[in-house]
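# Could you look at this predicted model? Sequence included:
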Amino acid sequence: MAQGILAGEIRTAAFRLNRLVENLLDMTRIESGGLKVLKDWCDIRDLINGVTTDLEGELSEHTAIVSVAEDMPLVKLDGPWSSRRFPI
């Protein structure tokens, strides 16, 4: 039982580390001009929903409360790229 818990924690830490390294590599690619950011108008609620869905497993033991104003304007960003940039 303890080994299973430890293995799960190691797996979670490995996924988080991998995501962090991918983010750093992408930032380097952007700064060097090797990766283009394609900005478009996005609803921040869609971005938040996508991120929380992607991190469902990691957030399962936590309560995430998000409040976005109803009149929140659209934001210009690269939606797919931005949704991957939240290392938790």
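On my side now, so go ahead. All values reported here derive from a predicted model rather than from experimental measurement.

# and residue 71, helix, strand or coil?
For residue 71, the assignment made with DSSP: H, G, I helix; E, B strand; the rest coil gives coil.

# That one: neighbouring residues, count only.
Using other C-beta atoms under 10 Å, residue 71 has 5 neighbouring residues. C-beta here means a position set from N, CA and C on the backbone, and glycine is covered the same way.

# Could you do residue 75 as well?
When neighbours are defined as other C-beta under 10 Å, residue 75 has 14 of them.

# got it, and residue 47?
18.

# and the helix or strand harbouring it, what other elements does it pack with?
Assigned by DSSP states H and E, residue 47 falls within helix 44-54. Contact here means 3 or more C-beta pairs under 8 Å, 6 or more residues apart in numbering; DSSP states H and E; on that basis helix 44-54 packs against helix 79-82.

# Run through the strands of the protein in chain order.
With strands called from DSSP state E, the chain shows them at 40-42, 75-77.

# just checking, residue 58 touches residue 13?
No: at 10.7 Å, residue 58 does not count as touching residue 13 under the criterion of C-beta atoms under 8 Å.

# between these two, which one's more packed in?
The neighbour comparison of residue 58 against residue 13 (other C-beta under 10 Å) goes to residue 58, with 14 against 10.

# Can you read off the pLDDT for that one?
On pLDDT, residue 58 comes in at 77.

# quick one: it and residue 5, what's the gap?
16 Å (C-beta to C-beta, to the nearest Å).

# Please identify the buried residues of the helix ranked longest in the chain?
In the chain, ranked by residue count with DSSP state H as the criterion, the top helix is helix 2-32. Residues of helix 2-32 classed as buried by neighbour count (16 or more other C-beta atoms under 10 Å): 19, 26.

# Stretch 59-74 now?
Neighbour counts over stretch 59-74 (16+ other C-beta under 10 Å) mark no residue as buried.

# how long is it end to end?
In stretch 59-74, first residue to last residue: 26 Å (C-alpha to C-alpha, to the nearest Å).
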